[in-house]
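Participant: model this:
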Amino acid sequence: MPFKPAGYIRTTLPVDLSVLADLDSGRFHSIWMADHLVSLWPDSIWTEEFTDLASVNPSPHRHLDGLAMAATVAALTKNTPIATSVVDTARRHPAMLAQTALTISHLSKGRFILGLGSGEMENIVPYGIDFSRPVARFEEALKVIRLLWESQGPVTFDGQFYKLHHARLDTEPYEGKAPPIWVGCSGPRMLKITGQNADGWWPVGTLTLDDYAAQLAALHEAAERAGRDPAAITKAGFVTCLIGDDGEIAEMIRQPLVKAFLLQVRGDFLAAQGFTHPMGADWKGIHDIDPRVLTRERIVKFLDDVEPCAVLAALPHGTPRRIAEIAKAYVVAGMQAPKILDYGGMAGLAFGAKSAAKVREAEDLLIALVNGA
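Facilitator: The predicted model follows:
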């Protein structure tokens with residue numbers, strides 16, 4: 001089959017459903033959509049003091065429900081698989097996830113992929129939801145979802161986190177086939193669970209090509225130990241980058257929201273690249289982001305401490321051709337469905353206006369490179 005990149009639709013207001021015709025045209029491997037309550041940018045940086053994006057969008061947190069969006073996309077498309085990237089198992093009971101996934105699978109005529117993860121602090125802790133032992137909770141939720149999909153009749157389950165007593169889910173899978181489950185993760189325990197149980201994988205967080213290869217090897221090893229064929233697991237991934245010429249990139253890395261990308265990067269990753277993380281060596285990236293405590297004072301100090309070269313160490317960067325070459329290297333390493341995501345659009349309105357065209361050019365070049373045209 002010819003190579004296809006992944007597509008993406010934003011789940012924040014304003015939502016542009018007019019892009020669905022292109023996303024469903026046959027160009028893309030699958031259509032992904034996020035599921036968040038809160039974005040990764042703290043309120044204190046989303047002001048006109050730091051970005052002109054705040055002049056047209058009052059908040060970065062105007063999220064719509066990812067599963068409701070997936071159902072909408074299912075109803076408005078006919079061809080391309082649809083995936084949540086990803087829904088966490090802390091905010092929703094696995095029985096509800098199982099039912100919703102079957103619902104969207106029927107609406108899409110079997111095209112829905114349930115993308116799951118163990119969760120991120122910013123979507124969970126501010127709402128008073130229990131976030132203890134997220135990996136163990138995730139593993140048990142996965143068992144419950146599969147049990148409800150695969151059992152005939154009532155289900156009883158006595159777990160650490162979930163208890164089912166004569167629980168029914170009689171809605172049959174579409175054409176007898178349960179939705180695939182893809183998992184977003186990078187840690188050793190989650191990679192093991194994914195290799196043992198999942199149908200697809202997204203790596204999470206910033207990683208080099210070597211990091212990707214190491215995580216993929218761990219995933220394959222876990223699959224083989226479980227008696228599974230590693231090739232049966234779809235390997236997806238975001239290639240988050242800065243697209244532009246040297247002058248554009250030099251301007252991008254001076255912008256506060258682009259500097260703030262380092263909040264998503266682990267301290268040990270930056271240390272391996274020769275930089276000290278502004279939030280400290282023990283910073284855990286997206287897993288440590290809590291917008292409530294990232295005050296203006298902390299953000300100003302953080303921005304002052306960011307070394308622009310550290311941003312470049314964390315984000316692949318270059319012209320559309322260079323980004324296509326970088327993405328191809330991940331494809332050669334095993335990534336079957338990459339999504340090129342231009343973080344340069346966060347540099348401001350002028351950069352955002354050009355971002356979609358740059359991504360399209362990089363995608364066209366990547367398709368040609370991989371397919372040998």
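Participant: so Asp282 sits against Gly267, correct?
Facilitator: Yes: contact status for Asp282 versus Gly267: in contact at 5.7 Å, counting by CB atoms under 8 Å. (Each C-beta comes from the backbone N, C-alpha and C, glycine too.)
Participant: the two: who's more crowded?
Facilitator: Taking other CB atoms under 10 Å, Asp282 and Gly267 do not tie; Gly267 has more neighbours (20 against 10).
Participant: got the contact list for the more buried one?
Facilitator: If you count contacts by CB atoms under 8 Å, 6 or more residues apart in numbering, Gly267 has them with 277, 279-285.
Participant: same check on Asp305?
Facilitator: Pro278.
Participant: residue ranges of the strands in this protein, please?
Facilitator: Taking DSSP state E, the strands of the chain run over residues 7-8, 31-33, 82-84, 87-88, 112-117, 155-158, 163-167, 181-185, 200-203, 234-243, 317-318, 337-342.
Participant: can you list those strands in TSV and add mean neighbour count?
Facilitator: TSV is the format used below for these (neighbours: other CB atoms under 10 Å):
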stretch	mean neighbour count
strand 7-8	22
strand 31-33	26
strand 82-84	28
strand 87-88	25
strand 112-117	26
strand 155-158	13
strand 163-167	13
strand 181-185	25
strand 200-203	24
strand 234-243	23
strand 317-318	20
strand 337-342	23
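Participant: and Met69, which of those is closest to it?
Facilitator: strand 31-33 (5.2 Å; CB to CB).
Participant: tell me how far the closest one lies from the chain's centre.
Facilitator: Here strand 31-33 is found 9 Å from its chain centre; the criterion is CA atoms, centre = their mean, to the nearest Å.
Participant: for that strand, which strands pair with it and how are they oriented?
Facilitator: strand 7-8 (parallel), strand 82-84 (parallel) (DSSP bridges).
Participant: need the ones you listed in TSV with mean pLDDT and distance to Trp32, can you?
Facilitator: Below are these laid out as TSV (pLDDT from 0 to 100; distance: least, CB to CB, whole Å):
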stretch	mean pLDDT	distance to Trp32
strand 7-8	98	5
strand 82-84	98	5
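Participant: of all the ones you listed, which lies closest to Asp229?
Facilitator: strand 82-84 (20.9 Å).
Participant: what residues does the closest one touch?
Facilitator: Contacts for strand 82-84 (CB under 8 Å, 6+ apart): 30-35, 66-67, 70, 73-74, 104, 108, 111-116, 182, 200, 236.
Participant: reformat the strands of the chain as TSV; add distance to Ser39.
Facilitator: Formatted as TSV, the strands of the chain follow (distance: least, CB to CB, whole Å):
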stretch	distance to Ser39
strand 7-8	15
strand 31-33	14
strand 82-84	16
strand 87-88	15
strand 112-117	16
strand 155-158	35
strand 163-167	34
strand 181-185	16
strand 200-203	18
strand 234-243	15
strand 317-318	22
strand 337-342	14
